[in-house]
Every structure is written in C-alpha cells, then in structure tokens.
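Student: Prediction below, plus the sequence it came from.
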Amino acid sequence: MQNEDLIKDVSIDQKFDFEWADLYHFRIISSDYINDSKIDEFEWCFFVVNSAKYMLVPKIVDQNVDYSIPEEMETRAMKINRDIFATASKHEKKLLEKKIFIPTKYILDYRCRK
C-alpha cells in the first residue's frame, strides 16, 4: 500500500466508545468488544469494523432523512481499519485477525508524529 493512500487525519484524541459513536453517527447494537476506558480513532475503527453490529443514525431535517454523514463516516472507519491491517507486520496481523487490537508499529509511529 502506498503511503499516499493512508488516511492522514486520524484523531489520537481519547474518547469513550459512546462519544465516538455520536461523532460517527452510529448506534452500536451489539459488540463482543469490552473496553471501559477512552480510546483513539484507530481503536474505535478497529472495534466498530471488526467487532460491532451498528446502525447508521441519519440527520433528519424538515422530515428529510439524510444518511450522507454517517455513510461518509462508515467509509472512513473502513479505510482506517484497512490502513491498520495493510501496514501491520505478519505478527501484528495475526493478532489483529483474532480481533485483538494492538497498537501496531504504524499506529505508534503515527501517534508519535502528532
């Protein structure tokens, strides 16, 4: 994967999963992921794509339902998750494939740059 294809503006701000859900316009229906601490956007995207069942929460204005924002955010989560896997070493990828989030070398390097 080319570095130009990576999402460049991932937030390393720490938020609770329900806060990320609000920002992403998602409603988490169920998940086997348990984390009561704050997480960054990398971990949120890994969690939501790999371990959650969710629904998109549309914006409703004058009885018009608009899914454009949650759809864009869903695409963003999928791309960030793609970046995590695409940049992972073989060892890191094995853990990630078992739905174990680890801060990969790529994530650690990204966090250090910010």
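Tutor: Cool, got the structure.

Student: Distance of Phe18 relative to Arg27?
Tutor: 10 Å (C-beta to C-beta, to the nearest Å). From N, CA and C alone the C-beta is placed, and that goes for glycine too.

Student: what does Asp17 give?
Tutor: 12 Å.

Student: So those two - more neighbours on which side?
Tutor: Asp17 (22 against 14; other C-beta atoms under 10 Å).

Student: Against Ile69, how distant is the more buried one?
Tutor: In terms of C-beta to C-beta, Asp17 sits 19 Å off from Ile69.

Student: Ok, Lys53 next?
Tutor: 20 Å.

Student: So if I had to pick from these two, which one is more boxed in?
Tutor: Ile69 (14 against 11).

Student: Surely Phe85 touches Lys93?
Tutor: Yes - at 6.4 Å, Phe85 and Lys93 qualify as touching, with contact defined as C-beta atoms under 8 Å.

Student: Which parts of this protein are strands?
Tutor: 26-31, 52-56, 59-61, 64-66 (DSSP state E).

Student: Would you tell me which of these gets closest to Asn81?
Tutor: strand 52-56 (11.4 Å; C-beta to C-beta).

Student: Provide a list of residues in contact with the residue nearest in space to the middle of the chain.
Tutor: By C-alpha atoms, centre = their mean, the chain has its centre lying nearest to Cys45, at 1.1 Å. Shown in contact with Cys45 (C-beta atoms under 8 Å, 6 or more residues apart in numbering): 76-78, 80-81, 84.
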